[in-house]
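[1] No letters, just coordinates:
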């Protein structure tokens, strides 16, 4: 049984989707929800589900990313994590941290990578006049929003769409895609999964 740690910075809706999927014959179980913000809503949701939680406030390290990541590593190792899932974790991780988890760390990004790495993906898709948008689960590498793509889900861009409306529809697909990819990944299956 694989042990999954989930890193988040906010409300944790993707964490909830992942945690609720890891039951029955699923090959993994959540072992820790970890945040860079002790007030993150996702921590309370994790505790309500009986999942261990921890927080390491990045602000206490005055911009020293390596020192922050050294502290972030401790609860991950203590929890015996086999797989790390980034689920709205709003800190860019250094090469040193990523290399420790290479091949064992996943991220979900709200665009059809390689389009729109970084922030404001929904607005950028609308400004570009795209006819479709979506989300991507990928393995994390040292390059931002890069790494092998494991799954994508698409949504049509509708006439009159706003970034908020498009984001809400993409989030529904995120909650379908991430659990499906995690299950396959925990089973050793890294083939590309497409959900439409």
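    Here it is on my side, so go on. Just so it is clear, the structure is predicted and the values come from calculations on it, not from any experiment. Residues are numbered from 1 along each chain as shown.
[2] Spit out the contact partners of residue 96.
    Shown here is residue 96, whose contacts under the criterion CB atoms under 8 Å, 6 or more residues apart in numbering are 66, 69. For glycine as for every other residue, the C-beta is placed from the backbone atoms N, C-alpha and C.
[3] Surely it is within a helix?
    Yes: the assignment for residue 96 by DSSP: H, G, I helix; E, B strand; the rest coil puts it in a helix.
[4] how much space between it and residue 70?
    The spacing between residue 96 and residue 70, counted by CB to CB, to the nearest Å, is 9 Å.
[5] Run through who's touching the helix ranked longest in the chain.
    As far as residue count goes, and with DSSP state H defining each element, the longest helix of the chain is helix 163-186. By CB under 8 Å, 6+ apart, the residues outside helix 163-186 that reach it are 2, 4, 13-14, 17-18, 20-22, 26-28, 83, 85, 87, 106, 108, 110, 120, 122-123, 125-126, 133-135, 137, 150-155, 157-158, 190-191, 193, 195.
[6] which residues touch the helix or strand following it?
    Following the chain from helix 163-186 toward its C-terminal end, the next helix or strand by DSSP states H and E is strand 193-195. The set of residues that contact strand 193-195 without belonging to it, under CB under 8 Å, 6+ apart, is 150, 151, 152, 153, 154, 173, 176, 177, 180, 181, 184.
[7] run the last query once more with 6 Å
    151, 152, 153, 176, 177, 181 (CB atoms under 6 Å, 6 or more residues apart in numbering).
[8] quick one, what contacts residue 104?
    With contacts defined as CB under 6 Å, 6+ apart, the neighbours of residue 104 are residue 83.
[9] That one and residue 191, how far apart?
    For residue 104, the distance to residue 191 - CB to CB - is 17 Å.
[10] those strands in the chain, which residues are they?
    Under the criterion DSSP state E, the chain contains strands at 2-8, 28-35, 53-55, 83-86, 105-109, 132-139, 149-156, 193-195.
[11] And the average pLDDT for the second one is what?
    It stands for strand 28-35. Strand 28-35 carries an average pLDDT of 98.
[12] Please shift the residue numbers so they start at 388 in all later answers.
    Shifting the count to begin at 388 puts that one at strand 415-422.
[13] Quick one: distance of that strand to the chain centre.
    Taking CA atoms, centre = their mean, to the nearest Å, the mean C-alpha location of strand 415-422 is offset from the chain mean by 12 Å.
[14] Check the fifth one too.
    Taking CA atoms, centre = their mean, one finds strand 492-496 lying 4 Å from the centre of the chain it belongs to.
[15] That strand packs against which elements?
    In this structure, strand 492-496 packs against strand 470-473, strand 519-526, with contacts taken as 3 or more CB pairs under 6 Å, 6 or more residues apart in numbering; DSSP states H and E.
[16] Fine, thanks again, bye for now.
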